[in-house]
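**Student:** Sequence first, then the predicted structure:
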Amino acid sequence: MTTDTTTAPAFRYAAVTFDCADPAEMARFYGELLGMSALYSTDDFVLLGKEGATGLGFNRLADYRPPTWPDPTQEKQAHIELGVDDLDIAEKRLLELGASKPEFQPDGERWRVLLDPAGHPFCITTLV
């Protein structure tokens, strides 16, 4: 009789990485927004994080094409939901940081869709 003494490796959610044309610009935007600093940085990749928090990575893609949300030509593959206390105040700050606001808003009273500097859609909501 053989006894398996190996154990399964422990996994933890560490980070999400977004493709983009300019990792430094994306790190500046999200770092300022979320209070994170660069844990690792090269010309082609930046990982943001802080103690006890999940990180965000930004990877340079030579032929990066931003999503065309809500146009399905170049779909968004994922997006971040950020909880806020006040949609109007949060939107104003995000626009100052370099976000943009697409014309189409599915429910502007409950959440807002914005685009980060690389064109990735993300939402701010008071529901979280």
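**Tutor:** In hand now; what should we look at?
**Student:** other SSEs contacting the least confident helix or strand in the chain by mean pLDDT?
**Tutor:** Least confident helix or strand, the chain: strand 80-83 with a mean of 88, by mean pLDDT, DSSP states H and E. Under the contact criterion of 3 or more Cβ pairs under 8 Å, 6 or more residues apart in numbering; DSSP states H and E, strand 80-83 touches strand 121-125. Every C-beta, even on glycine, is put in place using the N, C-alpha and C of the backbone.
**Student:** quick one on the thing from earlier: what's the angle from the helix or strand following the least confident helix or strand of the chain to strand 121-125?
**Tutor:** Next helix or strand after strand 80-83 toward the C-terminus (DSSP states H and E): helix 87-97. Orientation of helix 87-97 against strand 121-125 (axes from the mean of the first three to the mean of the last three Cα atoms, to 10 degrees) gives an angle of 150 degrees.
**Student:** just how off-centre is helix 87-97 within its chain?
**Tutor:** 16 Å (Cα atoms, centre = their mean, to the nearest Å).
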